[in-house]
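A.B. asks: sequence below, structure please.
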Amino acid sequence: MKKDNKIKFKGDKEGYCNICGKYSQLTRDHIPPQGCVKPTLVELRTLTQYISESSKNPKVSQSGLNILSICGNCNNNLLGTEYDPELIEVCKKVAGVVRIQRELGLSLPEKIPLSIKPQRLIRSVIGHILAGKLPITGKLPISALFPDALRNYFLDQSSNIPDKLEIYYWVYPSNKQSVINSLAIGSGLGEGFISGSSLLKFFPLAFWVVWDKPTSFPISFTKIPKDKVKDLDETCQIMIDLRHVPRLDYPEVPSEGRYIMYHEDSTFLAQPKKPKGFG
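C.D. replies: Got it, this is the predicted structure:
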C-alpha cells in the first residue's frame, strides 16, 4: 500500500482527456454533478485508506469531490448539456421519496415506478466514472476492452448500449460519495470473476457498471433496461426498490469469500468533513 503523502488527488492543468483522449486544457468534473449534490467541504480518501482506516489526516477539498481529468467539450457540452440533466432529474425525484420515507417515517410502497431516458442517464453515469481518475502525465488513457467500450459508447450518440454492459442501481442513503474507475471482484465460492466494473455512489443512488459478468456471479439488484431502448430520448420505466438496500460499502468492501482488485489511483471517496472537536 502506498503512503498517504504519495497519493495524488490533484492533477495537471493540461493533458489527455480521460474520455476523448484529446490533449488540451483539463477541466474539473464534479462528481456527482452539482445539480445532484451541492458541493461542500469534504475529506478525500482512496479505497485502501477507507478500508484500512489508515489516513488520520485525509486531504480536504473545499468544493466537494472534483477531479481535473477531462476536456471542456466532454465536460461542458456532452456531460453538462446532453447527459447530466437526466441524471439530475432522476436523482431529485428519488431523493424526495427517500427523504419522505426516512426523515418523516411515512409508510410507502416497497417499489416506486420512475420514468427515465436510459441512454442519457447511462452516458452521464459512464462519463463521471471515466472522469473519476487522474490522467497519467503525458500518456493517453489506458486502452482495454472495458474502458474503450465505455468511451466509444459515451462519445457516439447513435450507438446502442454495449451487449456486454450491465448497469445495476439501488438506493444509497448516505452523504458519502464514491467513484471507483476500475474494480475487479472475484469469489472463492465458485461464483466466477468480474474482471471489469466501475462504481458511482452518492445520495440517493448507487450505480454499478459491470462488463461481461459471468452468469454464475450473483448480483441481486435491478438493471437499467437496455434491450428495447435505442433512441437517445426514448423513455422506459424502472422501479426504485425502497426496501432492498445493501450495506453502504457494498460491493467495494468484499464480503466473506470474495476479494477485490483495483488500482489505488483510480479510487476517490469523499465524506463531509467533521467540525473541529467533533467526535
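A.B. asks: can you give me the helices in the protein?
C.D. replies: 47-52, 72, 84-103, 118-130, 145-155 (DSSP state H).
A.B. asks: possible to save these as TSV with distance to P254 and mean neighbour count?
C.D. replies: C-beta coordinates here come from the backbone N, C-alpha and C atoms, glycine included. Shown next, in TSV, are the helices of the chain (distance: least, C-beta to C-beta, whole Å; neighbours: other C-beta atoms under 10 Å):
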stretch	distance to P254	mean neighbour count
helix 47-52	9	18
helix 72	38	13
helix 84-103	26	17
helix 118-130	20	25
helix 145-155	20	18
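A.B. asks: which one of these lies nearest to K213?
C.D. replies: Nearest to K213, of all those, is helix 145-155, at 11.6 Å by C-beta to C-beta.
A.B. asks: packing partners for the closest one?
C.D. replies: The contact analysis (3 or more C-beta pairs under 8 Å, 6 or more residues apart in numbering; DSSP states H and E) places helix 145-155 against helix 118-130, strand 165-171, strand 196-202, strand 205-211.
A.B. asks: any chance of JSON lines for these, columns mean pLDDT and distance to S255?
C.D. replies: As requested, the helices and strands packed on helix 145-155 are exported to JSON lines (pLDDT from 0 to 100; distance: least, C-beta to C-beta, whole Å):
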{"stretch": "helix 118-130", "mean pLDDT": "97", "distance to S255": "23"}
{"stretch": "strand 165-171", "mean pLDDT": "97", "distance to S255": "16"}
{"stretch": "strand 196-202", "mean pLDDT": "97", "distance to S255": "15"}
{"stretch": "strand 205-211", "mean pLDDT": "98", "distance to S255": "15"}
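A.B. asks: a markdown table for the ones you listed, including distance to L104?
C.D. replies: Putting these into a markdown table (distance: least, C-beta to C-beta, whole Å) gives the following:
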| stretch | distance to L104 |
| --- | --- |
| helix 118-130 | 27 |
| strand 165-171 | 16 |
| strand 196-202 | 22 |
| strand 205-211 | 20 |
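A.B. asks: quick one: which of the helices of the chain is nearest Y168?
C.D. replies: Of all those, helix 118-130 sits nearest to Y168, with 10.9 Å by C-beta to C-beta.
A.B. asks: the closest one vs helix 84-103, what angle?
C.D. replies: Counting by axes from the mean of the first three to the mean of the last three C-alpha atoms, to 10 degrees, helix 118-130 lies at 90 degrees to helix 84-103.
A.B. asks: residues in contact with the closest residue to L26 other than its chain neighbours?
C.D. replies: Among residues not flanking L26 along the chain, L68 sits closest, at 4.9 Å (C-beta to C-beta, 6 or more residues apart in numbering). Shown in contact with L68 (C-beta atoms under 8 Å, 6 or more residues apart in numbering): K10, G11, D12, K13, L26, T27, R28, L134.
A.B. asks: switch the cut-off to 10 Å
C.D. replies: The contact partners of L68, by C-beta atoms under 10 Å, 6 or more residues apart in numbering, come to 9-15, 25-29, 131, 134-135.
A.B. asks: most neighbours among those residues, which one?
C.D. replies: For the contacts of L68, the largest number of neighbours (other C-beta atoms under 10 Å) sits with A131, at 28 neighbours.
A.B. asks: quick check: beta-bridge partners of the closest residue to it other than its chain neighbours?
C.D. replies: Using C-beta to C-beta, 6+ apart and skipping the chain neighbours, the partner closest in space to A131 is D29 (3.9 Å). Beta bridges link D29 to I67, judged by DSSP bridges.
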